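Enquirer: this one's structure only:
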DNA sequence: TTGACATATTCCTATATGGGAATATATTGA
DNA sequence: TCAATATATTCCCATATAGGAATATGTCAA
């Protein structure tokens, strides 16, 4: 079958390096017309439009029309799910490595009715 | 051409919902044999093996052989690049929205030699 | 050695997707 | 109305990849 990762999923959206480049441009919180982005990232205009479309469907950017321009702006809140997800693992690299390891091993020692690990 | 997202890139690795499920199982820091994971996530064994392979190539898990088992363990440090990247946007949703907006608008007002925005 | 078990790999197919080129659409100004 | 400009969309093609099924590989135990 096909990949389960839905294109409108924010994790899928940010998996594209080019899209992270576009996000980087928008990351100052200011608004940008498509052509401003095109100039910044050195990609073809249709590519930028497509990536912006993907980011919009994922809720990472917003767009308003203004005259003959489409003004894009970062919607950082759309990235929060990624932040919340990865934050869970933060403790693993913040000076508590040993403590975590100790706990994990203690749990391992306590384990018994259901043995998930084959030693 | 083809997608630029390299499969060994951690952003690509975590884009797959199924792989995040596997990571969720490993997230307690304990070690798991493949079959333990298969039971937990209700996926076919070959699929789990493939996903574990992808996660391993991305540096998100480690594996050691032990008897007839392959023991997998989360390597949380492999997720740090994602954390570092998304952390940049944290300020946008932590009670400083107005402050950020103010700064952005101030910058906009200061702008002049190079006009990236069409008003 | 043989069989059972654990895991990885290969083959196949359907689908998603990115880029390039061309084109369509919309807006503005003369 | 017409031309210029800004942006989106469509078409085509190459490639990546997920899942399923089958199979290969490796290890242990009798």
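Expert: Perfect, thanks for sending it. Note that the structure is a prediction, hence the values are computed from the model and not measured.

Enquirer: center of chain A - which residue?
Expert: Geometric centre of chain A, nearest residue: residue A:14, 4.4 Å, by CA atoms, centre = their mean.

Enquirer: so who does residue A:55 touch?
Expert: A:13, A:19, A:22, A:23, A:61 (CB atoms under 8 Å, 6 or more residues apart in numbering or on different chains). In short, each C-beta sits where N, CA and C put it, glycine included.

Enquirer: with pLDDT, distance to residue A:91 and neighbour count added, can I get the residues you listed in JSON lines?
Expert: Below are the contacts of residue A:55 laid out as JSON lines (pLDDT from 0 to 100; distance: CB to CB, whole Å; neighbours: other CB atoms under 10 Å in any protein chain shown):
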{"residue": "A:13", "pLDDT": "96", "distance to residue A:91": "26", "neighbour count": "27"}
{"residue": "A:19", "pLDDT": "97", "distance to residue A:91": "29", "neighbour count": "24"}
{"residue": "A:22", "pLDDT": "98", "distance to residue A:91": "31", "neighbour count": "26"}
{"residue": "A:23", "pLDDT": "98", "distance to residue A:91": "26", "neighbour count": "23"}
{"residue": "A:61", "pLDDT": "97", "distance to residue A:91": "31", "neighbour count": "24"}
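
Enquirer: closest to DNA strand C out of those?
Expert: Among those, residue A:19 lies closest to DNA strand C (CB to the nearest atom of the strand), at 7.1 Å.

Enquirer: ok, the closest one - contacts?
Expert: With CB under 8 Å, 6+ apart, residue A:19 has these contacts: A:13, A:51, A:54, A:55.

Enquirer: now it: how far from DNA strand D?
Expert: Going from residue A:19 to DNA strand D by CB to the nearest atom of the strand, to the nearest Å gives 14 Å.

Enquirer: how distant is the host helix or strand of that residue from the center of its chain?
Expert: Counting by DSSP states H and E, the element that carries residue A:19 is helix A:17-26. Computed by CA atoms, centre = their mean, to the nearest Å, the chain-centroid distance of helix A:17-26 equals 11 Å.

Enquirer: touching DNA strand C at all, that helix?
Expert: Yes: shown here: helix A:17-26 in contact with DNA strand C (CB under 7 Å from any atom of the strand) through residue A:18.

Enquirer: in that helix, which residues are buried?
Expert: If you call a residue buried by 16 or more other CB atoms under 10 Å in any protein chain shown, then helix A:17-26 has these buried ones: A:18, A:19, A:20, A:21, A:22, A:23, A:25, A:26.

Enquirer: got the residues of chain A near DNA strand C?
Expert: So chain A meets DNA strand C at A:1-3, A:5-7, A:12, A:16, A:18, A:43-44, A:46-47, A:50-51, A:54, A:65, A:67-68, A:118 (CB under 7 Å from any atom of the strand).

Enquirer: just to revisit the earlier point, which of the contacts of residue A:55 sits closest to DNA strand D?
Expert: residue A:61 (10.1 Å).

Enquirer: any idea how far residue A:18 is from the spatially closest residue to the closest one that is not a sequence neighbour?
Expert: In space, and not counting its chain neighbours, residue A:61 is closest to residue A:55: 4.5 Å by CB to CB, 6 or more residues apart in numbering or on different chains. To residue A:18, residue A:55 is 10 Å away according to CB to CB, to the nearest Å.
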